[in-house]
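Enquirer: Okay, structure incoming, though there's no sequence with it:
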């Protein structure tokens, strides 16, 4: 498990599973998990393993409760909700091309590399563009194509740390769940 903010904190949190419910690997039912964690006032955000914990549970308490309820050792990134809310206010996506998906990648810990941004992948016409880094978060754009490049492996390679990626619609859902 990884905590975006080390140690204990008693504010709302956001939990991101890494490498779960993808291609039949580390499968669990997020809605059932959220229900099982009702005492922590947990809101499930989609099928990828994103949760808002609205009580003042510590990151350690949240991680332990989740680990006790899934059939595998979860790879978690647990962040203060305030940090995610601050991202929702960012204007880094202003002027983004039509049809480009806005993406959020959460890294595990401090990057081992500090690449110069922006980074564009797919030489003929970029498909993934890494735009900005804020703490453990990397903001990017993705132009969906077949076959596609996804931001997660680009971030992991360029920054040298494991990561997990969500569409910006997940950030919007987190904001709604927090009542902001």
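Expert: Here it is on my side, so go on. Model, not experiment: these values are computed from the prediction.
Enquirer: What segments of this structure are helices?
Expert: Per DSSP state H, the chain carries helices over the ranges 30-36, 59-67, 81-88, 151-159, 168-177.
Enquirer: Can you give me the buried ones in the second one?
Expert: When neighbours are counted by 16 or more other Cβ atoms under 10 Å, the buried residues of helix 59-67 are found to be 59, 61, 62, 63, 65, 66. Placement of C-beta: from N, CA and C, glycine included.
Enquirer: Present these as JSON lines; the columns should include pLDDT.
Expert: Formatted as JSON lines, these follow (pLDDT from 0 to 100):
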{"residue": "59", "pLDDT": "94"}
{"residue": "61", "pLDDT": "96"}
{"residue": "62", "pLDDT": "97"}
{"residue": "63", "pLDDT": "97"}
{"residue": "65", "pLDDT": "98"}
{"residue": "66", "pLDDT": "98"}
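Enquirer: Show me which of those residues is closest to residue 93.
Expert: Of all these, residue 93 sits closest to residue 59, with 28.1 Å by Cβ to Cβ.
Enquirer: Might one say that the closest one is in contact with residue 13?
Expert: Yes - taking Cβ atoms under 8 Å as the definition, residue 59 is a contact partner of residue 13 at 6.4 Å.
Enquirer: Can you report how many residues lie near the spatially closest residue to residue 138 that is not a sequence neighbour?
Expert: Distance criterion Cβ to Cβ, 6 or more residues apart in numbering; nearest residue to residue 138, sequence neighbours excluded, is residue 105 at 4.2 Å. A count of nearby residues for residue 105, using other Cβ atoms under 10 Å, gives 23.
Enquirer: quick one: residue 105 from residue 89, how far?
Expert: Going from residue 105 to residue 89 by Cβ to Cβ, to the nearest Å gives 18 Å.
Enquirer: Residue 78 now?
Expert: Counting by Cβ to Cβ, the gap from residue 78 to residue 89 is 21 Å.
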